[in-house]
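**Student:** Following is a predicted model, sequence given first.
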Amino acid sequence: MSPTEPRSPVSHRKLGIFGVVALIAAGLVVGTGIRAREEQGSKLKEWTDDQAVPSVAVTLPNAKDLNATIDLPGRLEAYYRAPIFARVSGYLKSWSADIGARVKAGQVIAEIEAPDLDQQLLQARADLTSQQASARLSEATLNRRKTLVASNFVSAQEIDERTADLSNKKAAVNSGQANVERLEALAGYKKITAPFDGVVTARDTDVGALINAGGGSGPAMFVISDITKLRVYVNVPQNYVPAIKIGARAIITLPEYPNRTFQATVEASSQAVDVASGTTRMQLGLDNSRGELMPGGYASVKLSLQRDSAPLSIPASALIFNGSGLRVATVGSDDKVLFKPVTIARDLGREIELASGIAPDDRVITAPPDGLSDGDAVRVVGAGAKSKPTTASEKQAPKS
């Protein structure tokens, strides 16, 4: 075919078909690239969003044994303890019971020499004798005057006066007798006696020492203690007072007997909380009939707690303390954070026993990250993720 000849219609159609195919191919390439970039952008956004949501580990509160115990320091005291002071003033004449001596009720343990009291007693007895003689004379005189009334030698007025005088003399005799008995009773206190069976746990006097009646602000002459039974005093934190009942058993250990334990019983509670310490004083009774334990000593007291509901404990790392107080961060069924205020009952080291604030089914974040706020979304990882409650929408969602 020469160049001057016109092209055939078939060639034009082929060129048109090739052009359309090329345009379609170019469109497919461009569309595929755009879609790929969109998918990459969506995945990048999802990855970025995932990285913005913090991952947290959660745990359910651990329910402790209802019959838990608490260890507290205590102090041993004698069941009966009597500081002995003198009732009369004088000088110590002698003593017969030193520290550690066992004494019986009524036993004389010391004697006081009281010369002033002795002289007062002698004078009181002499005054009483004089008053008695005066009363007898007045009575005899009255009787003689009464025999003369009939002969009008004595007036009725004189008889009345003599009768009144006799009454006064008898009253003086009674007063003198009472004074003598009072001084005799005081003289009996020159002998110091033990008020009950016990042990002399202190002596702060010696022969020749000046003794003042009543003791004043000075120390007691002797201290006598009944140690066959001891009182154990322990200060119980306010949170635990309702869980310790009267009659409950306690186990006592002492440093001098590290391999032994002693049984005690809760006997009384002060029924008041000390403002300074926030504790209630409780008294326990401890048998010491063998005399092995000493009053004033330190003791470790293990008390049984009788509670109506099991206490809950969480890891110590879960606690958050800031300007909002003491709280824990929990994760709801929607995987969002909810802070709850709590109250500590006992610090067990790695675990904290809570008195209130959380429920047994709360998912508690074990180590809350900084900057976490109420309502923040989180991703639960680890075993705790399986404990998330299943919602209705999740149950109805189709499986892929």
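**Tutor:** Everything's here; your move. Numbers count the residues shown, from 1 in each chain.
**Student:** how close does Ser373 sit to Ala57?
**Tutor:** As judged by Cβ to Cβ, to the nearest Å, Ser373 and Ala57 stand 19 Å apart. From N, CA and C alone the C-beta is placed, and that goes for glycine too.
**Student:** cool, Asp206 as well?
**Tutor:** Computed as Cβ to Cβ, the Asp206 to Ala57 distance reads 73 Å.
**Student:** ditto for Tyr233
**Tutor:** 45 Å.
**Student:** higher neighbour count, Asp206 and Ala57?
**Tutor:** Ala57 (16 against 10; other Cβ atoms under 10 Å).
**Student:** The more buried one contacts Thr366, correct?
**Tutor:** Yes. With contact defined as Cβ atoms under 8 Å, Ala57 and Thr366 form a contacting pair (5.0 Å).
**Student:** Quick one: low-confidence residue ranges for the stretch 251-400 of the chain.
**Tutor:** Along the stretch 251-400 of the chain, the parts satisfying pLDDT under 70 run over 307-309, 383-400.
**Student:** let's see 80
**Tutor:** Along the stretch 251-400 of the chain, the model assigns pLDDT under 80 to residues 306-311, 345-348, 355, 371, 382-400.
**Student:** which residues in it form strands?
**Tutor:** 257-269, 279-287, 298-304, 312-315, 319-322, 325-331, 337-341, 343-347, 351-356, 363-365, 379-381 (DSSP state E, counting those that start in this stretch).
**Student:** With the stretch 101-250 of the chain instead?
**Tutor:** Using DSSP E, counting those that start in this stretch, strands in the stretch 101-250 of the chain cover 102-103, 108-113, 191-193, 198-203, 210-211, 222-237, 249-254.
**Student:** tell me what the last one is packed against?
**Tutor:** So that's strand 249-254. On a contact count with 3 or more Cβ pairs under 8 Å, 6 or more residues apart in numbering; DSSP states H and E, strand 249-254 meets strand 257-269, strand 279-287, strand 298-304.
**Student:** re earlier: turn the strands of the stretch 251-400 of the chain into TSV, columns for mean neighbour count and distance to Arg136.
**Tutor:** Converted to TSV, the strands of the stretch 251-400 of the chain look like this (neighbours: other Cβ atoms under 10 Å; distance: least, Cβ to Cβ, whole Å):
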stretch	mean neighbour count	distance to Arg136
strand 257-269	14	61
strand 279-287	19	62
strand 298-304	18	69
strand 312-315	20	91
strand 319-322	12	92
strand 325-331	20	90
strand 337-341	16	91
strand 343-347	16	83
strand 351-356	17	84
strand 363-365	25	99
strand 379-381	14	110
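**Student:** Now distance to Ala156 too, for these, in JSON lines please.
**Tutor:** Below are these laid out as JSON lines (distance: least, Cβ to Cβ, whole Å):
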{"stretch": "strand 257-269", "distance to Ala156": "71"}
{"stretch": "strand 279-287", "distance to Ala156": "73"}
{"stretch": "strand 298-304", "distance to Ala156": "83"}
{"stretch": "strand 312-315", "distance to Ala156": "100"}
{"stretch": "strand 319-322", "distance to Ala156": "101"}
{"stretch": "strand 325-331", "distance to Ala156": "97"}
{"stretch": "strand 337-341", "distance to Ala156": "98"}
{"stretch": "strand 343-347", "distance to Ala156": "93"}
{"stretch": "strand 351-356", "distance to Ala156": "92"}
{"stretch": "strand 363-365", "distance to Ala156": "107"}
{"stretch": "strand 379-381", "distance to Ala156": "118"}
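**Student:** I'd like to know how far Arg75 sits from Leu186.
**Tutor:** From Arg75 to Leu186 the distance is 38 Å (Cβ to Cβ).
**Student:** can you check Tyr257 too?
**Tutor:** Taking Cβ to Cβ, one finds Tyr257 at 47 Å from Leu186.
**Student:** Who is the residue nearest the centre of the chain paired with across the strands?
**Tutor:** Closest residue to the average C-alpha location of the chain: Val236 at 2.1 Å, with Cα atoms, centre = their mean. Beta-bridge pairing for Val236 (DSSP bridges): Thr280.
**Student:** Renumber starting at 30 from here on
**Tutor:** In the new numbering, first residue 30, that becomes Val265.
**Student:** thought it was touching Leu313?
**Tutor:** No. Val265 lies out of contact with Leu313 (Cβ under 8 Å); the separation is 10.8 Å.
**Student:** Please name the residues that touch Asp233.
**Tutor:** 248-251 (Cβ atoms under 8 Å, 6 or more residues apart in numbering).
**Student:** Likewise for Ala347?
**Tutor:** With Cβ under 8 Å, 6+ apart, Ala347 has these contacts: 88, 357-358, 381, 393-397.
**Student:** quick one on the thing from earlier: just the buried members of the contacts of Asp233?
**Tutor:** Restricting the contacts of Asp233 to buried positions leaves 249-251, with burial counted as 16 or more other Cβ atoms under 10 Å.
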